[in-house]
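Colleague: The sequence and its predicted three-dimensional model are supplied below.
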Amino acid sequence: MISTLTRRIDALIDGTTMYRLVLYYLAGLLAIAAFLAPFKLVPIDATAIVFSTVLIVTVSWLSNWLFAKVFRVPANVESAIITALIIALIMNPVVATDAAGVGGLVCASVWAIASKFIFAVRKKHIFNPAAIGVALSGLLIAQPATWWVAGNLTLLPFVLVGGLLIARKLQRFDMIGLFIVVNLATIALTNAAADVPQALTETLTHSPLFFLAFAMLTEPLTAPQARWPRLAYAAIVGILASPTIHFGEFYLTPEIALLVGNVFAYVVSPKGRFALTLLRIEQAANGAYDFVFSPDRKLKFRPGQYLEWTLGFAHPDNRGNRRSFTIASSPTEDEVRLGVKFYPSASSFKRALAEMQPGDQIFATQLAGEFVLPRNPDTKLAFIAGGIGITPFRSMIQYLIDRKEKRDIVTFYGNAESRDIAYKDVLDTASDELGLKTVYAVAKEKQPAPGMHSGFIDEALIRQQMPDYKERVFYISGPHPMVALFQKTLRGMGVARSHIKVDFFPGLA
């Protein structure tokens with residue numbers, strides 16, 4: 001029963017974008033709070049929760065629409081609503097007759113949205129919008145955040161369960177865990193020994209600790225994506241978010257601690273948003289196409305990294321108008337390639353992408369990813385790709401071709417049919433010029449072309465084609481079920497966990 005439940009949870013998470021999952025989480029917390037309020041299980045009036053939420057969402061939506069028009073960028077409605085719901089959960093709910101309270105909510109909402117456009121460098125905002133919105137509301141008009149959602153024991157289980165789903169989706173347990181440990185350690189070290197048990201208990205049950213970690217610390221655009229910078233970021237915010245940390249008479253609040261962390265994240269992370277103009281569309285395989293773009297400036301990245309792509313179009317479906325895709329081109333190429341597989345039930349994002357014409361623009365940000373070639377060129381590698389999961393390998397292999405850099409790499413590439421194979425020209429060139437070996441597997445062809453394997457990539461094929469597999473580092477890219485299957489298969493073959501890398505980016509769906 002537990003395994004069945006786990007599979008269902010995995011299916012739910014995998015089928016939902018990161019942003020949509022966060023949206024459901026925040027909306028769910030507000031709905032639960034409003035439901036429990038009449039029973040006095042939440043010390044907030046249900047009417048105030050509903051009124052405040054509607055007000056904040058409305059002001060945020062209008063502000064987002066207006067700023068997007070002025071700055072001539074796509075209006076990301078989903079992002080604006082997420083910001084609004086966070087504000088609704090940490091600013092004290094008010095009723096319409098509370099003029100000062102209403103002013104605080106409006107101030108926080110406008111500044112939160114404005115920060116995405118005003119406090120931005122190369123169209124990439126620096127600060128967590130909700131954090132700077134509520135911080136300015138407190139500093140400018142004395143209407144600070146109360147973090148009411150985090151101070152209620154009744155809501156704590158819902159904060160934790162939904163938050164863990166977000167952490168699982170983002171694969172950020174390391175960052176969240178370190179933040180919590182550092183925060184608790186700071187509290188323990190800065191309190192008198194006799195006060196430590198009570199201080200830790202209060203922190204774990206009646207503080208912003210968990211909500212801050214799950215809903216705000218993890219926000220991808222204002223947090224570092226590389227492992228060590230994001231851990232340093234978590235430690236910085238964890239220390240500063242302790243209620244005992246102060247500078248003279250000025251005590252830091254959770255939102256200010258996060259803003260300081262955002263500055264650190266900006267310093268150590270890739271800068272800016274890219275505007276890419278479509279040059280042409282090339283068919284890469286059956287149902288798969290390369291969108292070839294010209295960037296507004298040189299895009300510096302490591303082969304295998306990804307970008308978050310944003311398209312402006314009307315009526316996005318429940319997966320929104322943002323996607324994270326691996327860059328299919330090499331850093332050695334002037335053009336930027338985006339390889340996409342289209343299916344009959346394509347999302348609204350992919351439908352809008354398919355309708356792009358040469359000259360149209362798409363915006364990209366959040367350059368990140370650790371699915372890259374090892375620094376040591378002598379490391380023996382094995383690539384396993386399924387379908388359009390070949391894109392990061394296309395980037396890596398084209399990079400090696402252009403640099404004439406030989407590495408010991410064996411690629412296993414699985415597809416349903418031969419016509420589904422993408423970038424065969426690049427793989428063949430790598431074979432001819434660098435001696436890289438590619439094993440093609442086609443599942444639905446009993447008599448495939450010469451040199452291709454009929455069937456799936458499995459343990460037997462890996463052992464047959466690559467006897468030294470235990471000496472290699474495996475890179476796996478493709479649909480999530482395929483990746484999970486190969487992780488299990490390789491572990492069963494005795495491959496060390498540290499020798500298995502999987503292609504991952506926030507928002508994958």
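Modeller: Noted; the coordinates are in hand.
Colleague: how about the strands in the stretch 301-450 of the chain?
Modeller: Remark: strands assigned in the stretch 301-450 of the chain by DSSP state E, counting those that start in this stretch are 306-310, 322-326, 336-341, 361-368, 381-386, 409-415, 437-442.
Colleague: Return the set of buried residues in the longest helix along the chain.
Modeller: When the chain is parsed with DSSP state H, its longest helix is helix 46-71. Neighbour-count burial for helix 46-71 flags 46, 48-53, 55-57, 59-61, 63-64, 67-68 (criterion: 16 or more other CB atoms under 10 Å). Every C-beta, even on glycine, is put in place using the N, C-alpha and C of the backbone.
Colleague: and it, how far out from the chain's middle?
Modeller: 24 Å (CA atoms, centre = their mean, to the nearest Å).
Colleague: Mind giving me the packing neighbours of it?
Modeller: Packing partners of helix 46-71 (3 or more CB pairs under 8 Å, 6 or more residues apart in numbering; DSSP states H and E): helix 18-36, helix 77-90, helix 99-118.
Colleague: what would these look like in TSV with distance to Asp458, mean pLDDT and mean neighbour count?
Modeller: What follows is these, written out as TSV (distance: least, CB to CB, whole Å; pLDDT from 0 to 100; neighbours: other CB atoms under 10 Å):
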stretch	distance to Asp458	mean pLDDT	mean neighbour count
helix 18-36	31	94	19
helix 77-90	40	95	25
helix 99-118	47	96	21
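Colleague: what's the closest of those helices to Arg337?
Modeller: Between Arg337 and those, the tightest spacing by CB to CB is seen for helix 18-36, at 23.6 Å.
Colleague: ok so, going back, tell me which of the strands of the stretch 301-450 of the chain sits nearest to Val502.
Modeller: strand 381-386 (9.7 Å).
Colleague: Residues contacting the closest one, please?
Modeller: The contact list for strand 381-386 (CB atoms under 8 Å, 6 or more residues apart in numbering) reads 373-374, 393, 396, 407-415, 457, 462, 466, 469, 472-479, 482, 486.
Colleague: cutoff 7 Å now
Modeller: For strand 381-386, the external contacting residues (CB atoms under 7 Å, 6 or more residues apart in numbering) are 393, 407-414, 457, 466, 469, 472-479, 482, 486.
Colleague: same thing with stretch 344-358?
Modeller: 278-280, 291, 311, 313, 315-317, 319, 321, 323, 340, 342.
Colleague: swap the cut-off to 6 Å and go again
Modeller: 278, 311, 313, 316-317, 319, 321, 323, 342 (CB atoms under 6 Å, 6 or more residues apart in numbering).
Colleague: Off-centre distance for it?
Modeller: Stretch 344-358 sits 21 Å away from the centroid of its parent chain (CA atoms, centre = their mean).
Colleague: With only the CA atoms kept, save it in CSV.
Modeller: Taking C-alpha atoms only, stretch 344-358 is exported to CSV below (Å, rounded to 0.1, in the frame of the first residue of the first chain):
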residue,chain,number,x,y,z
PRO,A,344,-0.8,15.0,-29.9
SER,A,345,-1.9,16.3,-26.5
ALA,A,346,0.7,19.1,-26.4
SER,A,347,0.6,21.7,-23.6
SER,A,348,-0.4,25.3,-24.3
PHE,A,349,3.3,26.3,-24.0
LYS,A,350,4.3,23.8,-26.7
ARG,A,351,1.5,24.9,-28.9
ALA,A,352,2.5,28.5,-28.6
LEU,A,353,6.1,27.5,-29.3
ALA,A,354,5.1,25.7,-32.4
GLU,A,355,3.3,28.8,-33.7
MET,A,356,6.4,31.0,-33.4
GLN,A,357,7.7,32.6,-36.6
PRO,A,358,11.2,33.8,-37.5
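Colleague: what's the average pLDDT for that stretch?
Modeller: Here stretch 344-358 scores 90 as its mean pLDDT.
Colleague: tell me which residues in it are buried?
Modeller: Quick answer for stretch 344-358 (16+ other CB under 10 Å): 346-350, 352-353, 356.
Colleague: how about Phe127, secondary structure?
Modeller: Judged by DSSP: H, G, I helix; E, B strand; the rest coil, the three-state class of Phe127 is coil.
Colleague: What is the neighbour count of it?
Modeller: A total of 26 residues lie near Phe127 under the criterion other CB atoms under 10 Å.
Colleague: so how far does stretch 407-418 reach from one end to the other?
Modeller: 26 Å (CA to CA, to the nearest Å).
Colleague: Identify the residues contacting it?
Modeller: 377, 380-386, 390, 421, 436-445, 448-449, 457, 466.
Colleague: Give me the buried positions along that stretch.
Modeller: In stretch 407-418, counting by 16+ other CB under 10 Å, buried: 407-415, 418.
Colleague: now it, how far from the centre of its chain.
Modeller: 27 Å.
Colleague: quick one: Asn191 from Leu184, how far?
Modeller: Distance, Asn191 to Leu184, using CB to CB, to the nearest Å: 11 Å.
Colleague: Please enumerate the helices of the stretch 251-400 of the chain.
Modeller: 254-268, 348-354, 391-403 (DSSP state H, counting those that start in this stretch).
Colleague: Equivalent analysis for the stretch 401-509 of the chain, please.
Modeller: 424-434, 459-465, 480-492.
Colleague: Nearest to Ile132, out of those helices?
Modeller: Nearest to Ile132, of the helices of the stretch 401-509 of the chain and by CB to CB, is helix 480-492 at 34.4 Å.
Colleague: any idea of the angle the longest helix of the chain forms with helix 18-36?
Modeller: 150 degrees (axes from the mean of the first three to the mean of the last three CA atoms, to 10 degrees).
Colleague: Which residue, other than its chain neighbours, is closest to Met493?
Modeller: Glu459 (5.9 Å; CB to CB, 6 or more residues apart in numbering).
Colleague: burial measure for the one you found, as a count.
Modeller: The burial count for Glu459: 13, using other CB under 10 Å.
Colleague: before we move on, what about Ala275?
Modeller: A count of neighbours around Ala275, defined by other CB under 10 Å, yields 17.
Colleague: What distance do you get for it to Val473?
Modeller: 36 Å.
Colleague: And Leu240, by the same measure?
Modeller: Distance from Leu240 to Val473, by CB to CB: 37 Å.
Colleague: which residues does Thr277 bridge with?
Modeller: Ser294, Gln361 (DSSP bridges).
Colleague: Tell me, how many residues neighbour it?
Modeller: By other CB under 10 Å, 14 other residues sit near Thr277.
Colleague: wait, it sits on Asp360?
Modeller: No: look at Thr277 against Asp360 with CB atoms under 6 Å: they stay out of range, at 7.3 Å.
Colleague: Just the CA coordinates for stretch 377-386, please, in PDB.
Modeller: Taking C-alpha atoms only, stretch 377-386 is exported to PDB below (Å, rounded to 0.1, in the frame of the first residue of the first chain):
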ATOM      1  CA  PRO A 377      39.000  14.500 -19.300                       C
ATOM      2  CA  ASP A 378      40.300  11.100 -18.400                       C
ATOM      3  CA  THR A 379      37.000  10.100 -16.600                       C
ATOM      4  CA  LYS A 380      35.400   7.200 -18.500                       C
ATOM      5  CA  LEU A 381      31.700   8.100 -19.300                       C
ATOM      6  CA  ALA A 382      28.500   6.400 -20.300                       C
ATOM      7  CA  PHE A 383      25.500   8.300 -21.600                       C
ATOM      8  CA  ILE A 384      22.000   6.800 -21.600                       C
ATOM      9  CA  ALA A 385      19.400   8.800 -23.400                       C
ATOM     10  CA  GLY A 386      15.700   8.200 -24.200                       C
END
